[in-house]
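1. sequence and computational prediction follow.
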Amino acid sequence: MATKRQARQWTAEAWRVRALELCEQSTLLHTPRSRGADGQGIEVYTVPTRTRQGHEHVVRYQAATGTTQCDCVAGSYGAPCCHAGAVLAAVAQRTQACSPAAAAATRDYQTWCAWFERQGA
Ligand SMILES: [Zn+2]
């Protein structure tokens, strides 16, 4: 009796970890190129394929949910892939790079608020 192959059920965190692992095992770290946003909260990236030189996969990243959708074979089955992992790594790096500036801006704002309150306005 033939058994139908079931798609593996992933938790969001396990999916993310596996995609990042696949990215580390590939040579795709730092390769995603931002192609802008589609106006519906989805950022579009292209990532080179590992096997066909000059070809790219399109990975859509939804910032609100932190999820990705890749057009490669694994991605079309909802499985983690190195392309999605490369985009997740790029987004994580960008977030880390932005954090100190965002933290400094918040500190400046709080300092200004405290100063304003001391003026007894
Ligand atoms: Zn992919």
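-> Yep, it's here.
2. quick check, the strand or helix carrying residue 89 touching the ion?
-> Here residue 89, judged by DSSP states H and E, is contained in helix 82-118. Yes. Helix 82-118 lies in contact with the ion when judged by C-beta under 5 Å from the ion; the contacting residues are residue 83. Just so you know, the C-beta spots here come from the backbone N, C-alpha and C atoms, and that holds for glycine as well.
3. now that helix: buried residues?
-> Neighbour-count burial for helix 82-118 flags 82, 83, 84, 85, 86, 87, 88, 89, 90, 91 (criterion: 16 or more other C-beta atoms under 10 Å).
4. same deal with stretch 19-27?
-> 19, 20, 22, 23, 26.
5. contact partners for the closest residue to the last one other than its chain neighbours?
-> Spelled out, that is residue 26. Among residues not flanking residue 26 along the chain, residue 82 sits closest, at 4.1 Å (C-beta to C-beta, 6 or more residues apart in numbering). Going by C-beta atoms under 8 Å, 6 or more residues apart in numbering, residue 82 touches 19, 22, 23, 25, 26, 28, 50.
6. against residue 18, how distant is the fourth one?
-> Residue 25 sits 11 Å away from residue 18 when distances are taken as C-beta to C-beta, to the nearest Å.
7. do the same with residue 51
-> Residue 51 is 20 Å from residue 18, by C-beta to C-beta.
8. give me the more crowded residue out of the two.
-> Between residue 51 and residue 18, residue 18 has the larger neighbour count (other C-beta atoms under 10 Å), namely 18 against 6.
9. so that one, which of the three states?
-> helix (DSSP: H, G, I helix; E, B strand; the rest coil).
10. that one contacts residue 81, correct?
-> No. Using C-beta atoms under 8 Å, residue 18 is not in contact with residue 81; the gap is 9.1 Å.
11. good, we can wrap up now.
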